[in-house]
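Asks: sequence unknown, structure follows:
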C-alpha cells in the first residue's frame, strides 16, 4: 500500500537539497491532493520551477499541461499552452500513454477550433496525421496498465474511432469515400483520398510538410 504522506515528506527533504525531480513529484502530489492537501497554485509554482530547471521527471510537464487546460492554479485556460507541455512531456520522455492520448486529443480540439467550418483541416494544417501517430504509439505502449490519472484516463479506442471516421472522406476534395476506391497516404498512414490526383494535389498543397 502506498504511503503518500511519507512520500511527500521525503520529496520535501530531497527538494530542499536541490533535487529537481523531487520538486516535480511534489507538484504532482499537490495537484492531485495525494499525501498533502490539494493546492493547484502550489503545484503550478513547483512544477514551473522544476520544468525551468530541466527536471528529468515527467510530472512537472503533466501538472502544467493540466493546469493550463483546466485554468487551474491561477493560470488562465489555454489549450495552446497546455499542448506545449504535453508535447514536451511525450517528446522528451515518451513514457506515459495517457499523456500521448491527451496530447493527440488536444491537438485535434485546437485544430477543430481553428477550422470549425471544415470537415477536415486544410492541407498543411491537418492535425490528424500527428494525432494518429501518437494515438497509435500510446496503444502500443507497454505502460497502458499504469496510466497517470490526469484529466481522466483516455480510452485506447480513441485511435480506432478517429481512424474509422477519417476513412469516410477524401482529405483533398471531401467526397465520401467508397471502400474499393479508398487510397491511404503511404507516408503517414493516417489520411485517405479518392484518387491519385487528389493525393498529389494535397501533397503539393502542404501535406508533405
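Replies: Done, it's in. All values reported here derive from a predicted model rather than from experimental measurement.
Asks: can we go C-alpha only for contacts and neighbour counts from here?
Replies: Will do.
Asks: tell me where the longest helix sits in the protein.
Replies: Of all the elements of type helix in the chain, the one with the most residues (DSSP state H) is helix 97-114.
Asks: pLDDT of it, averaged?
Replies: Averaged across helix 97-114, pLDDT comes to 86.
Asks: find the nearest non-adjacent residue to residue 105, please.
Replies: Closest residue to residue 105 in three dimensions, ignoring its sequence neighbours and counting by CA to CA, 6 or more residues apart in numbering: residue 131, at 7.0 Å.
Asks: for the longest helix of the chain, packing partners?
Replies: Using 3 or more CA pairs under 8 Å, 6 or more residues apart in numbering; DSSP states H and E, the elements in contact with helix 97-114 are helix 79-92, helix 128-139.
Asks: list the buried residues for the longest one?
Replies: Of all the residues in helix 79-92, those buried under the rule 16 or more other CA atoms under 10 Å are 79, 81, 82, 83, 85, 86, 87, 88, 89, 90.
Asks: ok, stretch 163-179 next?
Replies: Using 16+ other CA under 10 Å as the burial criterion, the residues of stretch 163-179 that qualify are 163, 166, 167, 168, 169, 170, 171, 172, 174, 177.
Asks: buried stuff in the longest helix of the chain?
Replies: Quick answer for helix 97-114 (16+ other CA under 10 Å): 97-108, 111-112.
Asks: can you put the buried residues of stretch 163-179 in a markdown table and add secondary structure?
Replies: A markdown table is the format used below for the buried residues of stretch 163-179 (DSSP: H, G, I helix; E, B strand; the rest coil):
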| residue | secondary structure |
| --- | --- |
| 163 | helix |
| 166 | helix |
| 167 | coil |
| 168 | coil |
| 169 | strand |
| 170 | coil |
| 171 | coil |
| 172 | coil |
| 174 | coil |
| 177 | coil |
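Asks: contacts for the worst-scoring helix or strand of the chain on mean pLDDT, please.
Replies: Sorted by mean pLDDT, DSSP states H and E, the helices and strands of the chain end with helix 157-166, the least confident at a mean of 72. Here helix 157-166 makes contact (CA atoms under 8 Å, 6 or more residues apart in numbering) with 132, 135, 136, 139, 190, 191, 192.
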